[in-house]
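Trainee: Got a predicted structure plus its sequence, pasted below:
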Amino acid sequence: MSVLVFAETENGIFKKSSLEAISYGKETAGRLGTNCVAAVLGSLSSDQGARAAQAGADRLVHDASNAWNTFTPEGFAGALSSIALNQECTTVILSNTYAGKSVGPRLAVRLGASMVSGVISVPETGSGFSVQKTCYSNKAIAKVEIQNPKRVLAIVPNSYEVKSLNAAGELAGFQAEEVQNFTQVKEVSKITGKIPLTEAEVVVSAGRGLKGPENWGMIEELADLLKAATACSKPVSDMDWRPHSEHVGQTGITIKPNLYIAVGISGAIQHLAGVGSSKVICVINTDPEAPFFKAADYGIVGDAFDVVPKLLKRAKEVLSEN
Amino acid sequence: MKILVCLSVVPDTTTKISFTDANTRFNKEGVQYIINPYDELALTRALEIAEANAGSTVTVIHVGQADSEAVIRKALAIGADDAIRIDAEAQDALHAASEIAAAVKDKGYDLILCGRESIDYNGGLLAGMLAEMLGMASVNVVTKLELNGNVITATRDIDGGRETVEVNLPAVVSAQKELCEPRIPNMRGIMMARTKPLQVLAASGASAGLAYASYELPASKSAVQMIPADQAETLIDILHFEKKLI
């Protein structure tokens, strides 16, 4: 009754969230007294097998068919379902990404499994099987007990640390049966080369306080220095100052970084819904009454154009000392 | 064209969330219930498509108890032709999807729309589950939806960007913000809603495989540590040397 982890890849390399899912899967497998199998669909660089093993995969099942280089929810659900049956897995772990949430539900139905998304902690297996997930748009946490012996869990990126085990693991090739294809992908447009927002441990975010899109240079510079991803509030995304994919909030993306630095964002409830789970929140705003200060760990009342350059200067000094 | 829109009924967005019965149940006292905002987008887009395709109908379906009917009637007021309530308390997405699939599988719906997720459970699972049960295509988190004959062209959000896909009907599509501007019921719609059919179906008895056992509110943060703007650099020092976050 192994644990199966769907480990997403980007250009043949595991995403950070996939390694987290593998490690989470390994921990879960340990608690269930079984082993952890990682499944990869599509191309995989030759050094990645070792990465999977170090993260906790006892076995890596790889279906290298070119068909998998195009994502379709039904195709991936079909392939993962045949791997799950082949490997006798009753628990499946995926990442709570757009891909994971479109495959997972179809996969769950194929396997007769119950699915929980937005999972933020390892299963408690002392009596039964339960996990915690966020609910009410991040305003509460629910404990969900899964009675169904078959489960699919989608775990939130950055909720579980990638392990670094001294393990070799096995690699097995696989050829999933074809399933009926419903979807024709016509066009994909992705912002590549930057740290994916949902995986970033540090995020530098800015809003209307920056006054115009031309002023984002210092935000991007700070993000580069801190090895952070950039994010933005809804108003500046709506005004096309920043790409839609940077919008974090209730109707945008939800993130859970270790550090969230917000510049010129007031911190309305809808914004907090997307970022409130961040471990440490720093707020820079000219308005001392900005609601964001109530949700912050550190706050600076000041003008972004005065404060951010100071942060940049100090960051350059301090971070290059290493 | 027969269009189906799946609705869930949720606490309105300004609700202060709290729990009762030793934190095992959501506290409904004083809470206003509304149609899940993403489902309203699905409904609006369904009505737009129906209007562009003469002879189409839009049916709304909901898994829930009698106290949801007032909210379902709002969907009729917005313009749906009829409503179905499956008499069961939805336990989870798999349960709701099973009930809906059982009720609609031989009814020949061409297009099924729902919201990308409900704002209370944030599951995002219904569309995919329903599509798999009914043997249809699913397209999640759609920001643009066009229909040409039998083919849907949809733009959806993906990790790091967007993609455009084509699928043939029948299909299940989940609505994301930007899909359209939600319609507001007008007086005529509200009057007509009372006479439109709201059929109640018995539950098929699908079982739920999970239960929401308890809830907690996130730990509140301790008071913010303010740093004067003229000493802004200390924030970097704290984050690097003390918190080791950068």
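Mentor: Everything's here; your move. Residues are numbered from 1 along each chain as shown, chains lettered A, B, ... in the order given.
Trainee: Tell me the spacing between the residue minimising distance to the centre of chain A and A:Ser18.
Mentor: Centroid-nearest residue in chain A: A:Pro157, 2.9 Å away (criterion: CA atoms, centre = their mean). Computed as CB to CB, to the nearest Å, the A:Pro157 to A:Ser18 distance reads 9 Å. For every residue, glycine as well, the C-beta is placed using N, CA and C.
Trainee: Overlap in contacts, the two.
Mentor: A:Ser95 (CB atoms under 8 Å, 6 or more residues apart in numbering or on different chains).
Trainee: Please look at A:Ser205 and A:Gly249 and confirm they touch.
Mentor: No - using CB atoms under 8 Å, A:Ser205 makes no contact with A:Gly249, being 10.0 Å away.
Trainee: By residue count, which helix of chain B is the longest?
Mentor: Across chain B, the longest stretch assigned as helix under DSSP state H is helix B:37-52.
Trainee: Please point out which parts of that one sit buried.
Mentor: Within helix B:37-52, the residues that count as buried by 16 or more other CB atoms under 10 Å in any protein chain shown are B:37-50.
Trainee: Summarise which helices and strands the longest strand seen in chain B is packed against.
Mentor: What stands out as the longest strand in chain B, according to DSSP state E, is strand B:137-148. Under the contact definition 3 or more CB pairs under 8 Å, 6 or more residues apart in numbering or on different chains; DSSP states H and E, strand B:137-148 sits against helix A:73-86, helix A:98-111, helix B:37-52, helix B:126-134, strand B:151-158, strand B:161-168, strand B:171-175.
Trainee: so the second one versus helix A:73-86, what angle?
Mentor: Helix A:98-111 runs at 50 degrees relative to helix A:73-86, counting by axes from the mean of the first three to the mean of the last three CA atoms, to 10 degrees.
Trainee: quick one: contacts of whatever helix or strand comes next after helix A:98-111?
Mentor: Sequence-wise, the next helix or strand downstream of helix A:98-111 (DSSP states H and E) is strand A:114-119. Here strand A:114-119 makes contact (CB under 8 Å, 6+ apart) with A:96, A:100-101, A:104-105, A:108, A:131-135, A:144, A:146-148, A:150-156, A:159, B:92-94, B:122-125, B:129, B:208-210.
Trainee: how far out from the middle of the chain is strand A:114-119?
Mentor: 14 Å (CA atoms, centre = their mean, to the nearest Å).
Trainee: What pLDDT is listed against A:Asn322?
Mentor: Looking at A:Asn322, its pLDDT is 53.
Trainee: try A:Ala140
Mentor: For A:Ala140, the pLDDT comes out at 93.
Trainee: Contacts only, for it.
Mentor: Residues near A:Ala140 by CB under 8 Å, 6+ apart: A:134, B:17, B:19, B:215-218.
Trainee: Now with 10 Å, please.
Mentor: Counting by CB atoms under 10 Å, 6 or more residues apart in numbering or on different chains, A:Ala140 makes contact with A:133-134, B:17-19, B:23, B:26, B:120, B:215-218.
Trainee: Show me which of the residues you listed are buried.
Mentor: A:133-134, B:17-19, B:23, B:26, B:120, B:215.
Trainee: Inside strands: which ones of the residues you listed?
Mentor: Those of the buried ones among the contacts of A:Ala140 lying in strands (DSSP E): A:133-134, B:19, B:26, B:215.
Trainee: and of the residues you listed, the nearest to B:Ala77?
Mentor: B:Phe26 (26.1 Å; CB to CB).
Trainee: picking up where we left off before, now, of the contacts of strand A:114-119, which are buried?
Mentor: In the contacts of strand A:114-119, burial by neighbour count holds for A:96, A:100-101, A:104-105, A:108, A:131-135, A:144, A:146, A:148, A:150-156, A:159, B:92-94, B:122-125, B:129, B:208-210, counting by 16+ other CB under 10 Å.
Trainee: Helices along the stretch 201-322 of chain A, start to end?
Mentor: Assigned by DSSP state H, counting those that start in this stretch, the stretch 201-322 of chain A shows helices spanning A:217-225, A:234-238, A:269-275, A:304-319.
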